[in-house]
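Novice: The sequence and its predicted three-dimensional model are supplied below.
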Amino acid sequence: MPELPEVETVRRCLEPRVVGRTIVALDVFDSTVSRQGEAQLRAALLGRRVAGTRRRGKWLVFDLVQVLMIVHLRMTGRLVWKPHEGERGREPRFAVGFDDGSRLHFFDVRRFGRLWAIPAGEEAAFFADLGAEPLEEAFTVQRLRDAMAGRRAPLKAFLTDQRRLAGVGNIYADEALFRARLHPLRAAGSVGPREAARLHAAIVETLRLGIEHEGSSVESFVDPAGSRGRFQEILNVYQRTGQPCRVCGTPIRRVVVGGRGTHFCPCCQPRRAARLRTVASRVREGAPPAPSRRGR
DNA sequence: AGTGGCTCCTGGCGGC
DNA sequence: TGCCGCCAGGAGCCAC
């Protein structure tokens, strides 16, 4: 499932290949890939030069100066770079041809991926509902705390909600929560300042590590040049149900949160806050519980 | 408003 | 061996 690190990996692979090239062909083989028709997409894209590539959350943006070509890979979308024409096997959903004869093919077995061509001036409206970009400086601990404040939604659902945070999906949410030692079912609004700082660091570290490893190839992810990612080799919890936690050896558990498979270590990610657990263990040891700071 | 649930889509897999 | 049904999940939509 392409998330922020996978989309960034795709972007980095494509950037040197497409920047400076002019789009001379667009073929739509599956009309459901875009709400816009082939004629409209062609009118918007043909003859335009690629000035740069960007990423916003899990959305890949090709900057064509006055127009933006935007691609979302969703579940199984794959952009495949072909130096020259010619493609074997399954038909792509769309293909873009460049002025030097090279082509970019979009393959997508589950057909959830989408393509847009919008005027550059509509970018703000297009991404209006998208939350903080986690690898930008503006994403601070305070910003995360503000976003979590008062929310009853479980942390797992909060992290994968693109309106709150852009780019985190199932894999990196589970991995970030493990790093932060936070239980996926904890309400986002119940997270204290220290825990929020830990979660912030965990989100940033996990995503950076994902990019460093060129993404996770847990299903079929490969970059446009055909390279697999390596992050799946260092996953701590995702799809490791029943296997021992790499930290404490406890079997990894799987629960469903918001309809999504969620993996965590029940020992490293306790449901209750650490302070409460300390009180519980004091009771178990026969010592009187520490007096509450609030006196109640 | 915030939250949870359903839908789309198809290859892969477990069970019988 | 073959077939059936379930599972995976990003985002959009809908209901409460």
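Specialist: Thanks, I have it. Fair warning: this is a prediction, and the values are worked out from it, not measured in the lab.
Novice: if I pick A:V168, what's in contact with it?
Specialist: Shown in contact with A:V168 (Cβ atoms under 8 Å, 6 or more residues apart in numbering): A:E3, A:L4, A:P134, A:L159, A:T160, A:A176, A:I203, A:L207. Where C-beta positions appear, they are placed from N, C-alpha and C, glycine not excepted.
Novice: now do 10 Å
Specialist: Each residue near A:V168 by Cβ atoms under 10 Å, 6 or more residues apart in numbering is listed here: A:3-5, A:57-58, A:131, A:134, A:158-162, A:174-176, A:203, A:206-207.
Novice: So which of those residues sit within helices?
Specialist: The members of the contacts of A:V168 that map onto helices under DSSP state H are A:L4, A:P5, A:F158, A:L159, A:T160, A:D174, A:E175, A:A176, A:I203, A:T206, A:L207.
Novice: now the fourth one, nearest residue through space, not along the chain?
Specialist: So that's A:L159. With Cβ to Cβ, 6 or more residues apart in numbering as the criterion, A:L159 has its nearest non-adjacent residue at 4.0 Å, and that residue is A:A173.
Novice: Could you report the neighbour count for the one you found?
Specialist: A count of nearby residues for A:A173, using other Cβ atoms under 10 Å, gives 27.
Novice: which parts of the stretch 1-150 of chain A sit against DNA strand C?
Specialist: A:M1, A:E3, A:G57, A:K58, A:W59, A:H72, A:R74, A:M75, A:R110, A:F112, A:D129 (Cβ under 7 Å from any atom of the strand).
Novice: Number of residues surrounding the second one?
Specialist: Other residues within reach of A:E3, judged by other Cβ under 10 Å, total 24.
Novice: I figured it hits A:L207, correct?
Specialist: Yes: between A:E3 and A:L207 a contact is recorded at 8.3 Å, counting by Cβ atoms under 10 Å.
Novice: does any bit of stretch A:216-228 sit next to DNA strand B?
Specialist: No: among the residues of stretch A:216-228, none lie within reach of DNA strand B under Cβ under 7 Å from any atom of the strand; the closest is 8.2 Å away.
Novice: Format the CA atom coordinates belonging to that stretch as CSV.
Specialist: Provided in CSV are the C-alpha atoms of stretch A:216-228 (Å, rounded to 0.1, in the frame of the first residue of the first chain):
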residue,chain,number,x,y,z
SER,A,216,7.9,-1.1,2.0
SER,A,217,7.4,-3.9,-0.5
VAL,A,218,4.8,-5.8,1.5
GLU,A,219,2.5,-6.4,-1.5
SER,A,220,3.9,-5.5,-4.8
PHE,A,221,5.4,-2.1,-4.4
VAL,A,222,8.3,-1.3,-6.8
ASP,A,223,9.5,2.1,-7.9
PRO,A,224,9.1,3.2,-11.5
ALA,A,225,12.5,1.7,-12.4
GLY,A,226,11.4,-1.7,-10.9
SER,A,227,13.3,-1.6,-7.6
ARG,A,228,11.8,-3.1,-4.4
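Novice: mean confidence score for it?
Specialist: In this model, stretch A:216-228 has an average pLDDT of 81.
Novice: Next: stretch A:157-164.
Specialist: In the prediction, stretch A:157-164 has an average pLDDT of 94.
Novice: again with stretch A:170-178
Specialist: Mean predicted lDDT for stretch A:170-178 stands at 95.
Novice: quick check, that stretch touching DNA strand B?
Specialist: No: legend: contact between stretch A:170-178 and DNA strand B by Cβ under 7 Å from any atom of the strand is lacking; minimum distance shown is 12.6 Å.
Novice: Restricting to C-alpha, output that stretch in PDB.
Specialist: What follows is stretch A:170-178, C-alpha atoms only, in PDB (Å, rounded to 0.1, in the frame of the first residue of the first chain):
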ATOM      1  CA  ASN A 170      -1.800   1.400   7.800                       C
ATOM      2  CA  ILE A 171       1.900   0.300   7.900                       C
ATOM      3  CA  TYR A 172       3.500   3.500   9.100                       C
ATOM      4  CA  ALA A 173       0.700   4.100  11.700                       C
ATOM      5  CA  ASP A 174       1.300   0.700  13.300                       C
ATOM      6  CA  GLU A 175       5.000   1.100  13.200                       C
ATOM      7  CA  ALA A 176       5.000   4.700  14.600                       C
ATOM      8  CA  LEU A 177       2.700   3.700  17.500                       C
ATOM      9  CA  PHE A 178       5.100   0.800  18.300                       C
END
